[in-house]
Each structure stands twice: as C-alpha cells, then as structure tokens.
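K.L.:
Please work out how this folds:
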Amino acid sequence: MKGILNILKPPGMTSHDVVALVRKKTGIKKVGHTGTLDPNAAGVLPICIGQATKISQFLLDSHKAYRAELTLGIETDTQDSYGTVINEKKVMVSQEEIERVILSFVGECQQIPPMYSALKVKGMKLYQLARQGVEIKRDARKIEIYEIHIITIKGNQVLFDVVCSKGTYIRTLCHDIGQQLGCGGMMSFLIRTKTGDFDISSSITLEELAVEKDIGKFLKPLDFPLGHMPRVDLDSIHKKAALNGNKIYLEKSYQSIPIETEARLYIENDFIGIGKIIKEQDKKEYIRFSRLFT
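P.N.:
Next up is the predicted model:
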C-alpha cells in the first residue's frame with residue numbers, strides 16, 4: 001500500500017497520535033505526517049503511507065492555509081486560549097485600525113517562535129522547557145504571509161483566513177497583531193484548511209477511516225501533491241536504467257525547465273520519481289534522480 005491520506009485531524013490529538021492510528025488501521029509501519037498541527041487545533045493533516053513517505057519533505061515545504069480567530073485584549077503564556085492569562089487590557093482601537101494592522105503583516109517578516117512549541121534546543125523541545133518555567137532566547141525566523149482575508153470583526157474578536165509559508169505560527173501572528181495594536185491578543189480558534197494541494201473539502205475524518213474496509217479508495221497517488229513541478233517523460237528504453245538510478249541523457253531538450261529545477265519523471269505515463277535536469281559542459285542534458293519509486 002502506498003499513497004497519501006488527507007486526514008481531518010480533530011482537536012485534542014497530536015499529529016503523532018494520528019500517525020499511530022493509521023499504522024494500526026493499515027498494519028504498515030512506514031507512515032508519517034507532513035507537518036505538525038497543534039494538538040488543540042483541527043484541520044488538514046496529510047498522512048504518507050509506504051513509499052509516499054519519500055515525498056513528505058515536499059509537503060512540509062508547501063504553503064499552508066488556516067482560518068483563525070484572534071481575541072484582542074488578552075495575552076496568555078501559550079499565545080492561545082489554552083494557556084494561563086498573563087495580561088488583560090481594554091481594547092480601545094477602531095475597526096479600521098484593526099484591519100490596517102492585520103493587513104500590514106502580509107509579505108515577508110521575521111517571527112520569533114513561541115516557547116510553547118515543538119522546536120528543539122540542545123535536544124529539548126521548547127515546550128518542555130516552558131513547562132519547567134524556563135524561557136530562553138529564540139532567534140527570529142523569516143516567514144511569509146501571502147494572503148490575509150478578514151471575515152468578521154465582532155467586538156474584540158477577529159475571524160480571518162491566512163495563507164502562509166511553512167514554519168509560520170498562527171498563535172504568534174495573533175500575539176504580534178495584539179502587540180502592534182497595543183492591547184495584546186491571543187489565538188482563540190484555529191483550523192488548517194489547506195496544505196499544498198490537500199484541501200479540507202476533500203479530507204476524511206478518523207471515524208470515516210475507522211469504518212472503511214477499502215482504505216485504498218481514500219489514497220491520493222504519490223504525484224498528486226507535486227503538480228507544481230514540471231513534468232518530464234522519459235523513453236521506455238530507459239526504464240531499466242531509470243529504476244537503477246543511472247544517469248539518463250535526454251533525447252530532446254527541455255529548455256522551458258530551468259537547470260537544477262526539480263521535475264516529476266514518468267515512463268509510459270507511470271510516475272517513477274523526482275529528479276533534476278543537469279547540463280554538462282558540452283551542453284548535453286541528463287536527469288539526476290533525487291527520489292525513486294520502484
């Protein structure tokens with residue numbers, strides 16, 4: 001069995017809990033998730049099974065989309081509603097100012113990861129240190145917010161959709177918005193609506209997975225999340241060489257594909273792997289394999 005399940009993770013479970021359930025259901029050990037989702041959050045969690053684990057990194061790097069609720073005037077130690085309240089302040093800002101500040105976060109910016117996160121420092125996860133009352137300096141990381149759409153502003157609560165790069169903490173985004181407004185803020189709700197090409201509208205619940213005998217009907221093929229990569233079709237005479245990972249020279253030029261760009265590779269319409277087009281000094285082009293699915 002190989003493929004990707006588009007799981008709708010419920011709140012109250014870790015991403016590893018979901019992996020364990022899929023392992024138990026399928027009897028397959030080679031199972032992995034494609035990006036941690038906070039235990040208290042719900043949403044899209046693609047699960048790779050079998051050879052699909054070889055492409056998990058490409059999903060980890062993909063854009064994410066969320067629907068979040070920001071509650072202004074309250075700050076907690078975890079930056080969400082599950083933490084201990086450490087500050088409360090009356091919200092004295094207009095709706096126009098709230099909109100202006102939120103939309104100002106669109107683009108590249110530096111974000112300091114929260115202490116309550118799974119990031120590791122010297123072998124220890126930050127949340128383990130935080131639970132011991134220890135706070136350490138964290139380096140800011142470059143993230144990018146591609147889109148923010150404000151849905152509603154009701155009192156001190158703001159519901160919005162956001163599309164962002166990997167490594168973005170929506171809890172921290174809510175915290176930082178509150179800081180900019182001068183009243184503080186926390187994330188009071190979060191659901192991940194999209195990871196790469198996996199959308200919440202086509203996700204399946206764990207209850208649906210539990211009662212389904214034919215899990216194969218839920219599996220997406222290995223190349224499903226790779227549609228953003230250019231496609232290269234190799235001649236069938238190269239099948240043996242390709243499956244051995246040998247260098248394959250191209251009979252025709254793929255000038256539209258920049259050199260060193262990752263591409264999807266097919267033989268007789270079968271997806272066989274991922275590789276890069278390399279150009280030698282004599283301008284001959286060949287495929288260098290980075291992932292093979294044999």
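
K.L.:
show me where pLDDT drops low in the stretch 1-150 of the chain?
P.N.:
For the stretch 1-150 of the chain, applying pLDDT under 70 flags no range at all.

K.L.:
same thing but at 80, please
P.N.:
Scanning the stretch 1-150 of the chain with the threshold set as pLDDT under 80 gives 35, 118, 121-124, 134.

K.L.:
care to break this structure down by domain?
P.N.:
When the chain is parsed with automatic domain parsing, its domains come out as 3-62+197-224, 64-191, 229-292.

K.L.:
Can you redo these as a markdown table, where the extra columns are mean neighbour count?
P.N.:
In short, each C-beta sits where N, CA and C put it, glycine included. What follows is those, written out as a markdown table (neighbours: other CB atoms under 10 Å):
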| stretch | mean neighbour count |
| --- | --- |
| domain 3-62+197-224 | 17 |
| domain 64-191 | 17 |
| domain 229-292 | 15 |
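
K.L.:
So for residue 90, what's the nearest residue that isn't a sequence neighbour?
P.N.:
Distances taken as CB to CB, 6 or more residues apart in numbering place residue 73 nearest to residue 90, at 6.4 Å, with adjacent residues excluded.

K.L.:
I'd say that neighbour and residue 185 touch.
P.N.:
Yes: applying CB atoms under 8 Å, one finds residue 73 in contact with residue 185, separated by 7.3 Å.

K.L.:
so what's in contact with those two at the same time?
P.N.:
Shared contacts of residue 73 and residue 185, defined by CB atoms under 8 Å, 6 or more residues apart in numbering, comprise residue 178.

K.L.:
all helices of the stretch 51-200 of the chain, in order?
P.N.:
Counting by DSSP state H, counting those that start in this stretch, the stretch 51-200 of the chain has helices at residues 56-60, 95-103, 126-131, 170-181.

K.L.:
Could you list every helix and strand in contact with the second one?
P.N.:
Okay, so that is helix 95-103. With contacts taken as 3 or more CB pairs under 8 Å, 6 or more residues apart in numbering; DSSP states H and E, helix 95-103 sits against strand 141-154, strand 157-164, helix 170-181.

K.L.:
residues in contact with it?
P.N.:
For helix 95-103, using CB under 8 Å, 6+ apart, the contacting residues are 70, 72, 148, 150, 153, 158, 160, 177, 180, 181.

K.L.:
Using PDB, write down the CA coordinates of it.
P.N.:
Taking C-alpha atoms only, helix 95-103 is exported to PDB below (Å, rounded to 0.1, in the frame of the first residue of the first chain):
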ATOM      1  CA  GLN A  95     -12.200  48.600  13.400                       C
ATOM      2  CA  GLU A  96     -10.200  50.500  10.800                       C
ATOM      3  CA  GLU A  97      -7.000  50.300  12.900                       C
ATOM      4  CA  ILE A  98      -7.500  46.600  13.500                       C
ATOM      5  CA  GLU A  99      -7.900  46.000   9.700                       C
ATOM      6  CA  ARG A 100      -4.800  48.200   8.900                       C
ATOM      7  CA  VAL A 101      -2.600  46.400  11.400                       C
ATOM      8  CA  ILE A 102      -3.600  42.900  10.400                       C
ATOM      9  CA  LEU A 103      -3.100  43.500   6.700                       C
END
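
K.L.:
thinking again about what came up before, the residue nearest to residue 90: what's it in contact with?
P.N.:
Residues in contact with residue 73 (CB under 8 Å, 6+ apart) are 88, 89, 90, 91, 156, 178, 183, 184, 185.

K.L.:
Just the strands from the stretch 151-294 of the chain, written as ranges.
P.N.:
157-164, 185-195, 198-199, 231-234, 248-249, 262-267, 270-279, 285-292 (DSSP state E, counting those that start in this stretch).

K.L.:
Please produce CSV containing those, extended by mean pLDDT.
P.N.:
Formatted as CSV, the strands of the stretch 151-294 of the chain follow (pLDDT from 0 to 100):
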stretch, mean pLDDT
strand 157-164, 98
strand 185-195, 97
strand 198-199, 96
strand 231-234, 87
strand 248-249, 79
strand 262-267, 89
strand 270-279, 87
strand 285-292, 82
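
K.L.:
for these, which one sits closest to residue 38?
P.N.:
Nearest of the strands of the stretch 151-294 of the chain to residue 38, taken as CB to CB: strand 185-195 at 6.9 Å.

K.L.:
Could you list every helix and strand in contact with the closest one?
P.N.:
If you count contacts as 3+ CB pairs under 8 Å, 6+ apart, strand 185-195 packs onto strand 42-49, strand 64-72, strand 74-76, strand 157-164, helix 170-181.
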